[in-house]
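Undergrad: Sequence first, then the predicted structure:
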Amino acid sequence: MASIQIDAKRFHKRARFLISQWKSPTNSELFQDTDAILLLVGDEDYENPYRKSVTAQTWLLGFPIFQSLILLTPEKITFVCSMKKGDVIETIKQGDKQVPVDIIRRGKNTEENVQLYIPLIEELSGKRVGVIAKDKFTGKNVDEWTKALKQSGKKFDEVDVGTAISACLAVKDEEEVRTMRTAAKLSSNVMKYYFMDEMATIVDEEKSVTHEKLSAQTEDVLENPKMAKVLRMPSEVDNKDDLDWCYSPIIQSGGVYDLKSSAASNSDTLHPGVIICSLAVRYKFYCSNIGRTFLIDPSKTQEKNYEFLVDLQSRVMDTIRDGVKIKDVYLKALSHIKAKRPDLEKHFTKNVGFGMGIEFREASYVLTGKNVRELKNGMVLNFSMGFSDLENPKPTDERSKKYSLLIIDTIRVTNDAPVVLTDCSKRLNEVSYFFKDEGGDGDETESAQNPKSSKKDSVSKTAILRSKFRSEEQEEESREQKRKEHQKQLFAQKLADGLAKFSETAENDNDENKAAFKKFESYRSESKLPREVKDLRIVVDKRSESIILPIYGMAVPFHISTLKNASKSDEGDYVMLRLNFLTPGQAGSKKEDMPFDDVNATFVRALTFRSANTGRMAEIFRSITDLKKDASKKEAERKEMADVVEQDNLIQVKGRRPLRLPDVHVRPSVEAKRLPGELEIHTNGLRYQSIRSDNSFNVLFSNVKHLFFQPCDNELLVLIHIHFKNPVLIGKKKTKDIQFYREASDMQFDETGNKRRRQMYGDEDELEAEQEERRRRANLNREFKTFTEKIAEASDSRIEVDIPFRELGFQGVPFRSNVLLQPTTDCLVHLSDPPYLIITLSDIEIAHLERVQFGLKHFDMVFVFKDFHRTPIHINTIPISQLDNVKDWLDSVEVAFTEGAVNLNWTMIMKTVNEDPAEFYKNGGWNFLGPNSDDDGSGNDSDTASEFEISSEELDESSSEDESGFGSDASEDSEEEEELSDSGDDWDELEEKARQADERKLKRAGEFEEVPRKAPRR
């Protein structure tokens, strides 16, 4: 218990909330006018871990404390527990707004312990005491409490408050939602990255594995440290002891199905038909649940029923929101089934899920047709829908005559559409597996009659040849329609996430984003002032970074940070020195320049001094100017290095030589000369050591965000690239990326020699050289890839190796040059030359494609990040031929995207979003970027155009910068062709337009004098 820490702030916050709900007049009936609440917990019950008393303890303290008693009264909270547990609970007596806490420590003597309970029983005598009636514990402390009740002879009325406690715990705060989101992610990862692959392998290889054995194997993956990399363990999980299973994974197949959450895997072998799997991971005592149905060689009827279930879940989920009665959710599902598929009504489950949190199943919030309670914003539901005991019209064997379908997701209730916390696709093409040659029930005849189907599939997958058959055009349209539907779902989820994130935390975020007030202390006392102030003259003290000014016979110091600027002017025989200070509300000043403690206080805005001593005043002015420059430089350096982290010490490998990668160069370079060095793998990081100098630096695994390996195929370099979480200092340079590389060009490897080249030079020599280069590049790739994988292993699987997919790459201009941008599993990168581009996909809020219109050869792409204070990244001049590939890639990595015909003013957009994110999402969020938003502003210059669109002059200017000269001429010619192809004009008007077009061409060539125009805006 000594290592357990209680979050005191969270405890008092939740205790105050519970007491306020308890004593609220609106909840008097719910709590049945109780005077106290008693939670008596005995020994741990491994058979039934979900007890309401234990749940309430865990909610308050963060973990359960068995063999303890908690007594809540409106005045205080009393704990009765052992000595060690009392020491742990003692730590909650800190912080502001405390709820009074009394701790009574039990000893080993039973008779003495009994006497400890007597004062509490006397305090409760004759009162109404709320208890959890269903919780019947056993244990030494329970026996002591019972004995104390008998000895005291006092009695009190016991009232069941289990329902009231459930109501208080049903709505989850932000911390609880984050924890449950992590638990749901773990459940999803086990399903996606382990069970689906393992199940498919068993079926494909026709292994005989029982449901119980596969369930046990799945259960063991959380405890196996080697599986952490496979499961893509979330970064939030820093202690594996916080992970547990809500229940053993439930795996069912072969005609015997139980869709209840209390089901268990039986000893039958896994049957290749309909397989149902349910997984539930607990993280920090909070539950999650996911369930999927997998169809092996399904019939058309099974596919039809499954697609109806997916559609039913989507429709019913749209009705779940704050204020909706639970019974309406179930009745909505039932009414849809009756209307569309009445034959499935009798097979539908008796409920569609239940509330979930620390308790896996909150009995008061089961989603049935009789529950009249209302859903609240912040509740988390186990949303489960299924059909049981369906008849298979064309079974392949005895065990496939009956089957069931089940889909389970963990969702969060919001004011709008619910947020799905589990992330595992349930689309038919993702859960269907076909192991037979030509499909199942009766599909053989159809395949025999249509032998061209396989050929058509191969044609549709190629990126070069496209058939013009109508059937294939319909396939292309259906693919586009699926993408649009998927994007619609992503946008709905983005809107729901934004509303949930900013509606509750808008005020806190505003407080956190405010600039911190800084106090500048020039001198601690008058005795610290320089001696020169006695003469009542202006003194510039560079040591204290202050200006001391004489005001009404007193020396008043002003820190240089309070000075805005200084000016000097000559007026006859006198010199005027004016000092302007920073004050609130000044025109042209930025809010972040100087935050003020009290903006309503009285400020000195300016001081003016006049003197006949022109030489001294010139010297003072120069000193003040120099001091201000030095202070501004220091402040700029401080801001530049604000996010630089100081790394921990490297723990070197002991007992053996560290793994080394020799002859590698580093970028950015640590030396003036480009010298090779060695890269070593140690216990908690890497060390780079230059071979000809003492220059070395360390890279710790804890600060590595991404690790990339880029092979030298079609590249001049083979490299290992590391992207840091926080910038570090390499030498004296601040960097967030570092790269270790080796060149793969012929200049580095000339093994043939000049003499041999002179003697034999021909086709055979060139062929041998090409083969040698291929071998050399393959060896380089193998060496660097192996070393990169060893880095990942040494980091205890905290780091994953990411390799760019060159075949998915596309050209673009992220900075100033046109480069190849390559997607990876988690990022979009350019690593070949600095400046590097690394965009983490999980950080992206939305992508917007600009200048997507007919006639242009290029389009632009803008990435907006979830951190709205981060500047959006623009990638310009992407070839229009790559548009479909970019869209497919964005859709495949779950990035919501929109497109428009014009460039938008993103500075203005992000300013609007940051001013009030909650209001932004209430007004529809990113929906203004939809296809209908750009129609009004792209074709005219009316006042009704979007305020975020760039003006026509800026658009022309940006287009001229982005497009090449050839592309610009082509677009101009296309405009002239449009003018000449106006079918409504007569011949005279067409000739006049042609003449004007020729004049414009000649003017561009410089043969006509051009009328002077205003210079374009910069």
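TA: Nice, thanks for sending it over.

Undergrad: Please count neighbours and contacts with C-alpha atoms only from this point.
TA: Will do.

Undergrad: What number of residues are in the vicinity of Leu428?
TA: 16 (other CA atoms under 10 Å).

Undergrad: quick one: what helix or strand has the closest residue to it other than its chain neighbours in it?
TA: Counting by CA to CA, 6 or more residues apart in numbering, Leu428 lies nearest to Glu307, which is 6.8 Å off, once chain neighbours are set aside. Per DSSP states H and E, Glu307 falls inside helix 300-317.

Undergrad: before we move on, back to that, what about the residue nearest to Leu428, distance to Leu334?
TA: 17 Å (CA to CA, to the nearest Å).

Undergrad: Buried residues, the helix holding Glu307. List them.
TA: For helix 300-317, burial by neighbour count (16 or more other CA atoms under 10 Å) applies to Gln302, Glu303, Asn305, Tyr306, Leu309, Val310, Leu312, Gln313, Val316, Met317.

Undergrad: If I look at the last one, what pLDDT would I see?
TA: The reference is to Met317. pLDDT for Met317: 91.

Undergrad: With Glu954 instead?
TA: 48.

Undergrad: Would you report the backbone torsion angles of the residue most central in space within the chain?
TA: A centroid search over the chain (CA atoms, centre = their mean) returns Ser842, at 4.8 Å, as the residue closest to the centre. Dihedral pair for Ser842: phi -70, psi -20, per degrees, to the nearest 10.

Undergrad: got the contact list for the longest strand along the chain?
TA: Of all segments of type strand in the chain, defined using DSSP state E, the longest is strand 717-730. With CA atoms under 8 Å, 6 or more residues apart in numbering as the test, strand 717-730 has contacts from 643-647, 670, 697, 703-712, 734-745, 780-781, 784, 788, 831-832, 838.

Undergrad: What pairs with it, parallel or antiparallel?
TA: Using DSSP bridges, the strands paired with strand 717-730 are strand 704-710 (antiparallel), strand 733-743 (antiparallel).

Undergrad: Just the C-alphas of it, formatted as CSV.
TA: C-alpha atoms of strand 717-730 as CSV (Å, rounded to 0.1, in the frame of the first residue of the first chain):
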residue,chain,number,x,y,z
LEU,A,717,21.1,7.8,-49.0
VAL,A,718,20.0,5.0,-46.7
LEU,A,719,19.0,6.6,-43.4
ILE,A,720,17.6,6.3,-39.9
HIS,A,721,15.6,9.3,-38.9
ILE,A,722,14.5,10.2,-35.4
HIS,A,723,11.7,12.7,-34.7
PHE,A,724,11.7,14.0,-31.1
LYS,A,725,8.7,14.7,-28.8
ASN,A,726,10.4,17.8,-27.5
PRO,A,727,13.3,19.7,-29.1
VAL,A,728,16.9,19.1,-27.9
LEU,A,729,20.2,20.8,-28.2
ILE,A,730,22.7,19.1,-30.4
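
Undergrad: Please identify the buried residues of it?
TA: Leu717, Val718, Leu719, Ile720, His721, Ile722, His723, Phe724, Asn726, Pro727, Val728, Ile730.

Undergrad: cool, stretch 840-848 as well?
TA: Those buried within stretch 840-848 under the rule 16+ other CA under 10 Å are Thr840, Leu841, Ile844, Glu845, Ile846, Ala847, His848.

Undergrad: same thing with stretch 620-638?
TA: Of the residues in stretch 620-638, those buried (16+ other CA under 10 Å) are Ile620, Phe621, Ser623, Ile624, Thr625, Leu627, Lys628, Ala631.

Undergrad: Quick one: list the elements packing against the strand or helix carrying the second one.
TA: To tie it back to what came earlier, the one meant is Phe621. Phe621 is part of helix 614-640, with elements assigned from DSSP H and E. In this structure, helix 614-640 makes packing contacts with strand 539-541, strand 563-571, strand 574-581, judged by 3 or more CA pairs under 8 Å, 6 or more residues apart in numbering; DSSP states H and E.

Undergrad: Among these, show me which one is buried the most.
TA: strand 539-541 (a mean of 21; mean count of other CA atoms under 10 Å).

Undergrad: Which strands border that one, and is each parallel or antiparallel?
TA: Strand 539-541 is paired, per DSSP bridges, with strand 546-551 (antiparallel).

Undergrad: about what we covered before: how about residues contacting the helix holding Glu307?
TA: With CA under 8 Å, 6+ apart, helix 300-317 has contacts from 329, 332-333, 336-337, 385-386, 392-393, 405, 407, 417-418, 426-428.

Undergrad: Helix or strand next in line after that helix, which one?
TA: Past helix 300-317, the next helix or strand by DSSP H and E is helix 326-340.

Undergrad: Just the buried residues of the helix or strand just after that next one, please?
TA: Beyond helix 326-340 on the C-terminal side, the first helix or strand identified by DSSP H and E is strand 353-355. Of the residues in strand 353-355, Gly353, Phe354, Gly355 count as buried by neighbour count, 16+ other CA under 10 Å.

Undergrad: any idea how far the second one lies from Thr293?
TA: In other words, Phe354. On the measure of CA to CA, Phe354 and Thr293 end up 20 Å apart.

Undergrad: same thing with the last one?
TA: In this structure, Gly355 and Thr293 are separated by 22 Å, where distance is defined by CA to CA.

Undergrad: Backbone dihedrals for Lys9, both of them.
TA: phi -60, psi -40.

Undergrad: what about the nearest residue to it once chain neighbours are set aside, how many residues close to it?
TA: Distances taken as CA to CA, 6+ apart place Gly95 nearest to Lys9, at 6.6 Å, with adjacent residues excluded. A count of nearby residues for Gly95, using other CA under 10 Å, gives 9.

Undergrad: Now Gly95: phi and psi?
TA: According to degrees, to the nearest 10, Gly95 has phi 90, psi 180.

Undergrad: For Leu18, see how far away it is.
TA: 18 Å.

Undergrad: Who does the closest residue to Pro872 other than its chain neighbours form a beta bridge with?
TA: Closest residue in space to Pro872, ignoring its immediate chain neighbours: Val864 at 4.8 Å, by CA to CA, 6+ apart. Val864 forms beta bridges with Ile846, as assigned by DSSP bridges.

Undergrad: cool, and Ile275?
TA: Phe294.

Undergrad: My guess is it contacts Thr293. True?
TA: Yes: using CA atoms under 8 Å, Ile275 makes contact with Thr293 at a distance of 5.8 Å.

Undergrad: low pLDDT regions in the stretch 901-1018 of the chain?
TA: 931-988, 1001-1018 (pLDDT under 70).

Undergrad: got the contact list for Ala280?
TA: Ser187, Trp245, Cys246, Tyr247, Ser248, Pro249, Cys287, Ser288, Asn289, Ile290.

Undergrad: Just name the closest of the residues you listed to Phe859, please.
TA: Lowest distance from Phe859 to the contacts of Ala280 (CA to CA) belongs to Ser187, with 39.6 Å.

Undergrad: Which residues does stretch 219-239 contact?
TA: 182, 185-186, 189-190, 193-194, 240, 243-245, 248-249, 797-798, 800.

Undergrad: From those, which one has the minimum pLDDT?
TA: Comparing those by pLDDT, Ser797 comes last, at 72.

Undergrad: so what's that residue closest to, chain neighbours aside?
TA: Lys229 (5.2 Å).

Undergrad: Count residues in the vicinity of the one you found, would you?
TA: Around Lys229 there are 17 residues (other CA under 10 Å).

Undergrad: for it, helix, strand, or coil?
TA: Look at Lys229: counting by DSSP: H, G, I helix; E, B strand; the rest coil, its state is coil.

Undergrad: how close does it get to Ser208?
TA: In terms of CA to CA, Lys229 sits 27 Å off from Ser208.
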